[in-house]
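1. Have a look; sequence and predicted model below, questions after that.
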Amino acid sequence: MGVNIEKVFGEYVFDDSVMKVRLPKSDYEKVKTLMHEGGEITEELADVVAQAMKEWALEKGATHFTHVFQPYVITVGAEKHDSFVSVPQDGKIENTFTGKDLLMGEPDASSFPSGGLRATCSARGYTAWDITSPVYIKENTLYIPTAFCSYTGESLDTKTPLLKAMHAVSKQGVRLMRLFGDETTRRIYSYVGPEQEYFLIDREKYLKRPDLIYSGRTLFGAVPPKGQEMDDQYFSSINPRVKAFMDDLNVKLWKLGITVKTQHCEVAPGQYEVAPIFSVSNVALDNNLLVMDLLKKTAQEHGLVCLLHEKPFDGINGSGKHNNWSLTTDDGINLFKPGKEPENNKLFQLVLACTMAAVDRHAVLLRLAASNTGNDHRLGANEAPPAIISMYLGDQIGDIVDQIIKNGKATTSLSSGILDFGIKKLPKLEKDPTDRNRTSPFAFTGNRFEFRMVASSNTIGETNIVLNSMMAEAFCEACDALEGADDFDKAVEEYTAKLMREHARIVFNGNGYSEEWPVEAEKRGLPNCHSIVDAIPTLLDESTVKMYEKFNILSKAELEARKEILFEQYAGVRNIEALTMVDMANKMIIPAVVKYTKKLADTVIAVKEAGVDATVQTEILSDVSSKLSEIKTAVKNLEEITDTASAIEDSQTMAQEYKNNVMAAMAELRKPTDELEVIMPKDVWPMPTYGDLIFEL
């Protein structure tokens, strides 16, 4: 039986409709003003809101409240739960929740990654209510979205710099609108629609794979006879067990006010996708963390496990998170919408030129913001964009740019045309003005840009901090150049053409998977960071520091801390993977192979004693024993190299050691192990195979 979405949607959200009913009219108007225009939240107003929230939450069965926040590089969110219980009076208690409880919390700031900003003895930190992101109830707890900083004010989270970046692009965007005669726009909103890819596997099989448990990906595993080469998984009929999971997930998300709209089977076996409708960037950040959390928890309820790692299985597609991003005024003007006559839309042309400049200048920073350790396994394969940042504009907008670069302005635009199937009973369809390019990391898709590089397990916060910051910078420079111009129209044309000519190298409308593209990109001078380790130093590039400090988004000290955290995180992840491989080899694989070789040896002896030729059995025993010897040598080598890497004190040098040497040693151990899996009997191999994991639900 289906669910009436209208009835359940937002059931557990303290949204505008709830506030309007439960708050006094004057206080409701104050809250709305604060949400849209900012300002100081008084404790008196907070007390009124907190009282209404508490009564609503209690009616919904809540017993606790928590300030939920997103510590830097930790993508699951952090939360400390407090009950509404007060100090007993005459043996009785009351449920209490004050304005102060709503406005701030005090988590431990030294136990989260701080990159040296906080010492162990300097523990105090603060969370502050993000009034623009809705409060909600989950698992009998009132969740309050917050920002998180240290006692001395440094940002230790993703939300704080994102809010600052959103403010910066709004302020500079409004300046730009004023130049074009717009006197009504008061704010520019950045919107995001993050598509979330994931894998589902059976939980019982998952529990037999320590590599999945500890690292989120398979560190051993031979490619099965069938993978995704038949393209029969993509958009296929959804498995009933998976459909039941999806139905359950949808209802939970709808009740939390999350507009999940699309669900389907993805390209790889066992891979799926869920996508919401756009929302404001900080709300989209909070919602996406909820999506990831509920994907995992709902999967468990169905006897499944949701894998969010970017590359859980070698040899088939990994998972990403497409960050669909746009900028829109508070009265509905989409700055990325070309309109019916893009050749005459000077505002769009200038915004596009600013985007080209921003992406070109901060290409490595974008590469970093979309990445984590797991994404290194995914980018550049025939499933995800290459690690080279470029922009795809399509035929219509690409032609506009070409005209401006060549002639200084555009005078015509390509029409989209009509798609006629040639069958009278089928409708004629109006085509989009541009095709899609799934090989492009930063593709224009009609009224937004789709940033396809983002790691599936990453928060979308870092990506949108960079996107909004770089556009704030580009808008600011445009306004500085154009304000006070004697002939504004001419000045806009000249400035737009100047930016497009200077940054034309960033536009690439071709096949990003081709062998020719990296060669061409190098000729253009575009950076190609194969690993996140190569991109991390860009955090302290002069252009990065200048941009972030200019708009008070992140200080140099905060950027230095983030650099340290990322190097340490990379080394930490690789260390866990290496130790897991050693542990599995010593405790599972080697004992299973030794047991099998004994059985083979006994067989060889028995066959020979029977007076029969034992050549085949002997060859099998020789092959297995040879690979067992390779495994033992590789295990010892990996242990030694990992010990050496972990002893390095400098975080960047340590990360490089793990990237270059530990990863190579891990590959040396995996090769003979995967080869053994192929020739050993299924009932002897000590763990579920790829075929068991991705094809059997």
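-> Received it, and whenever you're ready, just let me know what you need.
2. Could you look up the SS state of the residue nearest to residue 107 when sequence neighbours are not counted?
-> Among residues not flanking residue 107 along the chain, residue 125 sits closest, at 5.3 Å (Cβ to Cβ, 6 or more residues apart in numbering). C-beta coordinates here come from the backbone N, C-alpha and C atoms, glycine included. The three-state label given to residue 125 by DSSP: H, G, I helix; E, B strand; the rest coil is strand.
3. Assess the claim that residue 125 and residue 108 are in contact.
-> Yes - using Cβ atoms under 8 Å, residue 125 is in contact with residue 108, at 6.6 Å.
4. neighbour-wise, which of those two wins?
-> residue 125 (25 against 13; other Cβ atoms under 10 Å).
5. so what's that one scoring on pLDDT?
-> At residue 125, the predicted lDDT confidence score is 82.
6. likewise residue 37?
-> 85.
7. Would you list the phi and psi of it?
-> phi -120, psi -10 (degrees, to the nearest 10).
8. residues in contact with it?
-> Counting by Cβ atoms under 8 Å, 6 or more residues apart in numbering, residue 37 touches 186-187.
9. By residue count, which helix of the protein is the longest?
-> In the chain, with assignment by DSSP state H, the single longest helix is helix 615-646.
10. now it, how far from the centre of its chain.
-> 37 Å (Cα atoms, centre = their mean, to the nearest Å).
11. what's the answer for stretch 256-265, then?
-> 16 Å.
12. Could you give me the buried positions within it?
-> 256-260, 263, 265 (16 or more other Cβ atoms under 10 Å).
13. same thing with stretch 135-144?
-> Buried residues in stretch 135-144 (16+ other Cβ under 10 Å): 135-138, 141-144.
14. Quick one: end-to-end length of it, please.
-> Stretch 135-144 has its terminal residues 5 Å apart, counting by Cα to Cα, to the nearest Å.
15. Now it: average pLDDT?
-> Here the average pLDDT along stretch 135-144 is 96.
16. do stretch 518-535 as well
-> Here the average pLDDT along stretch 518-535 is 94.
17. And residue 392, its phi and psi?
-> phi -110, psi 130.
18. contacting residues for it?
-> 437, 440, 442-444, 507-509.
19. Count residues in the vicinity of the residue nearest to it when sequence neighbours are not counted, would you?
-> Leaving aside its sequence neighbours, residue 392 sits nearest to residue 440 (Cβ to Cβ, 6+ apart; 3.5 Å). Per other Cβ under 10 Å, the neighbour tally for residue 440 reads 28.
20. go on, residue 353?
-> Using other Cβ under 10 Å, residue 353 has 24 other residues around it.
21. quick one: secondary structure of it?
-> Per three-state DSSP, residue 353 ends up helix.
22. Distance-wise, check it relative to residue 529.
-> Counting by Cβ to Cβ, to the nearest Å, the separation of residue 353 from residue 529 is 25 Å.
23. Low-confidence ranges, the stretch 51-200 of the chain, go.
-> The stretch 51-200 of the chain contains residues with pLDDT under 70 at 87, 91, 109-110, 114-123.
24. residue ranges of the helices in it, please?
-> With DSSP state H, counting those that start in this stretch as the criterion, the stretch 51-200 of the chain has helices at 99-103, 159-179.
25. Packed most tightly, which of those would that be?
-> Comparing the helices of the stretch 51-200 of the chain by mean neighbour count (mean count of other Cβ atoms under 10 Å), helix 159-179 comes out on top with a mean of 22.
26. Who are the packing partners of that one?
-> Counting contacts by 3 or more Cβ pairs under 8 Å, 6 or more residues apart in numbering; DSSP states H and E, helix 159-179 is packed against strand 141-150, strand 188-202, helix 281-301, strand 321-329, helix 346-361, helix 461-482.
27. Distance to residue 524 added to these, as CSV?
-> Listed next are the helices and strands packed on helix 159-179 as CSV, based on distance: least, Cβ to Cβ, whole Å:
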stretch, distance to residue 524
strand 141-150, 39
strand 188-202, 28
helix 281-301, 30
strand 321-329, 24
helix 346-361, 10
helix 461-482, 19
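28. Look up how far residue 95 lies from residue 572.
-> According to Cβ to Cβ, residue 572 stands 41 Å off from residue 95.
29. Mind jotting down where the strands sit in the stretch 351-500 of the chain?
-> 391-392, 418-419, 429-430, 442-444, 449-451 (DSSP state E, counting those that start in this stretch).
30. Helix, strand, or coil at the closest residue to residue 211 other than its chain neighbours?
-> Using Cβ to Cβ, 6+ apart and skipping residues adjacent in sequence, the residue nearest residue 211 is residue 219, 4.1 Å away. Look at residue 219: counting by three-state DSSP, its state is coil.
31. The residue nearest to residue 392 against residue 389, yeah?
-> No - under the criterion of Cβ under 8 Å, residue 440 is not in contact with residue 389, lying 9.7 Å apart.
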